[in-house]
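Participant: Provided below for reference: sequence and predicted model.
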Amino acid sequence: MYTSLARRLHRGAARHTALAAATVLAAGFAITGSASGGTPREHSARTDVPGVTVNLFEWNWNSVGAECTNVLGPAGFKGVQVAPPQDSLKRTSLGDGSATVLHPWWEVYQPVDYALTSRMGSEAQFKAMVSACRAAGVRVYVDAVINHMTGQGSTSYGGRTYTHFSYPGVYDASNFHHQGTGPDQCPTATGGIDDFNNKHQVFKCELLGLADLDTSSPQVQNTLADYLNTLIGYGVSGFRVDAAKHVGQSDLDAIYALLHRTKDHVKPYWALEVFGGAPGILSPQAFTTSGNVLGLDDVKQIRDAFKSYQKDHVGSLATLEVFGAGSGLTPSAKTLSFVTNHDTERNGDALNYKDGARYLLANEWLLADGYGHPQVFSGFNWNTADDSPPSDANGIIADADCSNGQWTCTHRNPGILGMVGWHNDVGTAARSNFWTDGDNVIAFSKGHRGWAAFNNGAAAQTVTVQTGLAQGSYCDVTISKAAGGQCTNGATPVHVNADGTATVLVGAFSAVALDRQNKL
């Protein structure tokens with residue numbers, strides 16, 4: 001998030017060459033203090049748990065609502081993460097040193113006002129989207145930008161004018177951190193972060209030139225909580241907290257304590273964007289006391305297992321026998337996991353849709369492995385790191401169309417749809433019967449509920465393994481399902497012997513997955 005955008009951003013008038021975006025969706029956490037709104041204290045630990053979600057990155061509200069109704073709900077997705085809905089920067093000119101795209105995707109990560117007047121649609125459209133999704137059994141999680149305001153420009157999508165430290169009717173200069181020597185000021189000469197291992201700078205200085213809110217101020221905390229509670233009142237179930245590392249644990253906890261319960265009568269999901277690579281209190285592990293964290297270190301391990309970044313080398317799926325807390329990552333229950341998100345797909349940290357079959361296979365594997373709260377990322381095609389989602393000349397995002405080649409629509413891939421159902425069926429069953437050829441074919445079962453195999457090689461492989469399943473014939477959910485005593489799509493069923501073993505052909509860059517719900 002940091003380095004991939006820093007050189008492209010420019011505030012127009014002065015001070016810093018920066019601007020930036022931050023990341024996306026949510027993982028949840030329960031603050032055990034007293035709840036707001038008079039809710040009994042003994043229920044305060046009850047917090048939304050997201051299940052399998054999809055990040056429809058910068059889809060407009062009408063498109064998200066339709067997708068919930070027509071695809072996500074029927075497929076078994078439990079939630080959808082949506083882009084920051086608040087009013088934001090609207091670029092009207094490129095400016096020296098700025099991105100070459102007039103309306104880059106990161107505009108929405110620079111708030112101007114908390115009115116719901118965004119590139120994605122109006123307040124009425126947002127409310128209709130949330131209602132449609134909830135009616136389809138899909139909860140909505142909002143990307144919340146609460147660390148900062150803008151870093152450039154003077155005009156918003158909602159038609160408001162502002163300056164770097166003045167947002168009429170919302171904030172004035174007293175609500176921000178400034179360059180200075182006090183305990184609540186930024187000690188660097190520029191007012192920006194010079195050392196990302198320095199706690200004071202990380203919490204009190206500007207991230208890439210973005211006006212840094214004084215989130216320790218009760219006025220700022222209440223303003224942010226009012227915005228988030230408005231969204232909860234409309235039916236939102238939780239938040240991915242952008243740039244949470246720069247807010248800090250105590251301020252995050254104070255804001256969360258002000259949040260209302262959701263329409264499901266629980267505290268909202270709270271997923272924190274905390275990039276790794278820093279020590280102690282700045283580490284992702286240290287933030288698990290304040291919420292779930294995004295799996296931003298996970299994506300690198302997944303990338304290296306499926307596609308080594310050494311020239312002419314492929315990774316090794318066999319390494320995934322140990323993954324998660326055992327491989328140095330944050331605990332599963334505290335992690336929002338994914339193969340990529342909007343930052344990591346652009347900065348080289350992760351696989352992305354351009355990796356084709358390997359990218360799809362990695363998503364299928366994560367859904368099977370069950371680490372964290374898995375999320376599928378579905379964005380838009382891009383050529384440069386700043387590219388806008390499909391939109392009109394004014395930056396208003398077009399309806400998503402999975403047939404026009406502009407949107408990736410990864411979540412609609414048949415294998416991924418099949419694995420969402422597989423994940424929901426096997427639930428929390430423990431992994432067993434792990435098998436590998438020592439290289440790029442692995443297989444494992446989940447209790448007696450499901451079994452899956454993955455081949456990241458260029459040639460099909462036949463394996464004979466213990467599945468842990470009852471004897472019978474099963475349909476491979478990555479290509480079919482059981483219906484009317486046979487597998488759909490003309491697929492050949494897989495036979496499991498009385499001892500639980502099966503001989504299975506696993507195609508190149510493909511998976512095979514069986515579960516009890518698709519037994520003939």
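Facilitator: In hand now; what should we look at? All of these numbers come straight from a predicted model, not from anything done at the bench.

Participant: Now do residue 58 against residue 368, distance only.
Facilitator: For residue 58, the distance to residue 368 equals 28 Å [CB to CB, to the nearest Å]. Just so you know, the C-beta spots here come from the backbone N, C-alpha and C atoms, and that holds for glycine as well.

Participant: just residue 231 next, same as before
Facilitator: 33 Å.

Participant: now residue 192
Facilitator: 43 Å.

Participant: Who has more neighbours out of these two?
Facilitator: Comparing residue 192 with residue 368 by other CB atoms under 10 Å, the one with more neighbours is residue 368, at 25 against 21.

Participant: and the nearest residue to the more buried one once chain neighbours are set aside, what does it touch?
Facilitator: Distance criterion CB to CB, 6 or more residues apart in numbering; nearest residue to residue 368, sequence neighbours excluded, is residue 452 at 4.4 Å. Counting by CB atoms under 8 Å, 6 or more residues apart in numbering, residue 452 touches 364-365, 368, 419, 422, 443-446, 511-514.

Participant: can you check residue 429 too?
Facilitator: So residue 429 contacts 446, 447, 448, 449, 450 (CB under 8 Å, 6+ apart).

Participant: one step back: looking at the contacts of residue 452, which one is closest to residue 350?
Facilitator: residue 365 (13.8 Å; CB to CB).

Participant: Residue 123 versus that closest one, what's the distance?
Facilitator: 39 Å.

Participant: who's more crowded, the two?
Facilitator: residue 365 (23 against 16).

Participant: The more buried one: what secondary structure?
Facilitator: helix (DSSP: H, G, I helix; E, B strand; the rest coil).

Participant: Nearest residue to it in space, please, no chain neighbours.
Facilitator: residue 454 (5.2 Å).

Participant: what's the span of stretch 115-124, first residue to last?
Facilitator: Distance between the two ends of stretch 115-124: 11 Å, counting by CA to CA, to the nearest Å.

Participant: Check the offset of it from the chain's centre.
Facilitator: 21 Å (CA atoms, centre = their mean, to the nearest Å).

Participant: Which residues does it contact?
Facilitator: Residues contacting stretch 115-124 (CB under 8 Å, 6+ apart): 58-62, 82-88, 103, 107-108, 126, 129, 156-159, 391, 395-397.

Participant: Filter the contacts of residue 452 down to the buried ones, ChimeraX style.
Facilitator: Restricted to buried positions by 16 or more other CB atoms under 10 Å, the ChimeraX selection for the contacts of residue 452 reads:
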select :364,365,368,419,422,443,444,445,446,511,512,513,514
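
Participant: In helices, which of the contacts of residue 452 appear?
Facilitator: Using DSSP state H, the members of these that fall within helices are 364, 365, 368, 419, 422.

Participant: right, and the first one touches residue 513 too?
Facilitator: Which is residue 364. Yes: Residue 364 lies in contact with residue 513 (CB atoms under 8 Å); the separation is 7.4 Å.

Participant: okay, and the common contacts of these two?
Facilitator: In contact with both residue 364 and residue 513: 419, 452, 478, using CB under 8 Å, 6+ apart.

Participant: what's the burial count for the residue lying closest to the first one once chain neighbours are set aside?
Facilitator: Nearest residue to residue 419 in three dimensions, chain neighbours excluded: residue 367, at 4.0 Å (CB to CB, 6+ apart). Other residues near residue 367 come to 28 when the count uses other CB under 10 Å.

Participant: now the one 10 residues further on
Facilitator: Other residues near residue 377 come to 27 when the count uses other CB under 10 Å.

Participant: And for residue 484?
Facilitator: 7.

Participant: List the residues that contact residue 466.
Facilitator: 433, 435, 445, 499, 500, 501 are the contacts of residue 466 under CB under 8 Å, 6+ apart.
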